[in-house]
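Peer 1: sequence unknown, structure follows:
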């Protein structure tokens, strides 16, 4: 895995995990304020969620990197197999 593809994979993993952590511990405001949506969180704790997301993403990215580096997942072989399947499948 090259630097750019590794960075893209990390960013994709980071965003998916970030959106999964956003609802953790969210509670709406107890009192409705003028100009505030009733569903707006009282204390979103974004710093904590960003740090949690960064750590989880780094761990998951490391697992993905090790799987690719040790040829457990070989995207070239998968692409070649898909190409061969497309060549042998009759078109209608």
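Peer 2: Sure, I can see it. Because the structure is a prediction, the values reported are computed rather than measured.

Peer 1: buried set for the helix or strand of the chain with the lowest mean pLDDT?
Peer 2: Lowest by mean pLDDT, DSSP states H and E among the helices and strands of the chain is helix 75-88, with a mean of 87. Buried residues in helix 75-88, counted by 16 or more other Cβ atoms under 10 Å: none are found. From N, CA and C alone the C-beta is placed, and that goes for glycine too.

Peer 1: residues making contact with that helix?
Peer 2: residue 68 (Cβ atoms under 8 Å, 6 or more residues apart in numbering).

Peer 1: what's the answer for stretch 24-33, then?
Peer 2: 36, 38-45, 49.

Peer 1: likewise stretch 44-53?
Peer 2: Contacts of stretch 44-53 (Cβ under 8 Å, 6+ apart): 14, 17-18, 21-22, 24-26.

Peer 1: Give me the buried subset of those residues.
Peer 2: Buried, going by 16+ other Cβ under 10 Å: 14, 17-18, 21, out of the contacts of stretch 44-53.

Peer 1: now, which of those lie within helices?
Peer 2: When the buried ones among the contacts of stretch 44-53 are checked against helices (DSSP state H), the matches are 14, 17-18, 21.

Peer 1: Could I get those in CSV, plus columns for distance to residue 85?
Peer 2: Output for these, formatted as CSV (distance: Cβ to Cβ, whole Å):
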residue, distance to residue 85
14, 33
17, 33
18, 36
21, 38
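
Peer 1: Which stretches in the chain count as helices?
Peer 2: Shown for the chain, the helices assigned by DSSP H span residues 3-21, 46-69, 75-88.

Peer 1: Mind listing what's buried along the second one?
Peer 2: Spelled out, it's helix 46-69. For helix 46-69, by 16+ other Cβ under 10 Å, it's 49, 53, 56-57, 60-61, 64, 68.

Peer 1: Ok, the first one next?
Peer 2: Of the residues in helix 3-21, those buried under the neighbour-count criterion (16+ other Cβ under 10 Å) are 9-10, 13-14, 17-18, 21.
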